[in-house]
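> structure of the sequence below:
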Amino acid sequence: MRKIRSESRVKKNTSEKTMQKQRKKRSSSNHDDTNSTNKRILVTVNVVGSAGPLRFVVNEDDQVGGVIDVTLKQYAREGRLPTLGSASENFLLYSANARDDPLNAWSTIGASGGRNFIMCKKVVQLSMTEASSETISKKRINGKLKAWLNKSLSLKILSH
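The predicted structure is shown next:
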């Protein structure tokens, strides 16, 4: 009988110790969340051309490039159209409140001071030499195609 009682006491002591450890972990984790310098914020991102905004929670210390990446992943996960791809370097994030210039990809999202953002694709502008060379090459191809069509049609008409 004494062995059974002592074994049950040992089991109770170990189970009580594990319960106390779990309680301490819970209370310390709750305590750390309230005093933490890493605050979490709800961010709303409107994607240009999309039906509605995306909302998700990020850390205030997260970089803008990371927020763009999370936005693209959530956009794709929801199956929204138009499809955007996954290259975050092709997109810019603007603050919805104030400025005309985009946010720096290396700055923190909390430094912008806002919670509402607009995301759009970067516009790639061709230089004048590239644009003019493309139009000239298109004209040459179109001119050659027209000449070939005229020549082939005129041969058929003359042969009749």
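> tell me the helix or strand right after the least confident helix or strand in the chain by mean pLDDT.
Evaluated with mean pLDDT, DSSP states H and E, the helix-and-strand set of the chain has its lowest mean pLDDT in helix 2-35, which scores a mean of 56. Counting by DSSP states H and E, the element after helix 2-35 in chain order, helix or strand, is strand 40-47.
> partner strands of that following strand and their direction?
Strand 40-47 has the following strand partners under DSSP bridges: strand 54-59 (antiparallel), strand 116-121 (parallel).
> buried residues in the last one?
Of the residues in strand 116-121, those scored as buried under the neighbour-count criterion (16 or more other CB atoms under 10 Å) are 117-119. Bear in mind the C-beta positions are built from the backbone N, C-alpha and C, glycine included.
> how about stretch 52-62?
Of the residues in stretch 52-62, 54, 58-59, 62 count as buried by neighbour count, 16+ other CB under 10 Å.
> what is the rounded mean pLDDT of it?
Predicted confidence along stretch 52-62 averages 95 (mean pLDDT).
> that older thread, just curious, which of the buried residues of stretch 52-62 is nearest to L84?
Of all the buried residues of stretch 52-62, the one sitting nearest L84 is L54; the distance, using CB to CB, is 11.4 Å.
> the closest one reaches Y75, doesn't it?
Yes - using CB atoms under 8 Å, L54 makes contact with Y75 at a distance of 6.3 Å.
> are there residues contacting both of the two? Which ones?
Counting by CB atoms under 8 Å, 6 or more residues apart in numbering, the common neighbours of L54 and Y75 are V47.
> circling back to that earlier point, redo the buried residues of strand 116-121 as CSV? Include distance to G79 and pLDDT.
As requested, the buried residues of strand 116-121 are exported to CSV (distance: CB to CB, whole Å; pLDDT from 0 to 100):
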residue, distance to G79, pLDDT
F117, 21, 95
I118, 21, 94
M119, 17, 95
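> redo those residues as TSV? Include distance to S107.
As requested, those are exported to TSV (distance: CB to CB, whole Å):
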residue	distance to S107
F117	13
I118	16
M119	15
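> what is the burial count for V43?
For V43, the tally of surrounding residues (other CB atoms under 10 Å) stands at 22.
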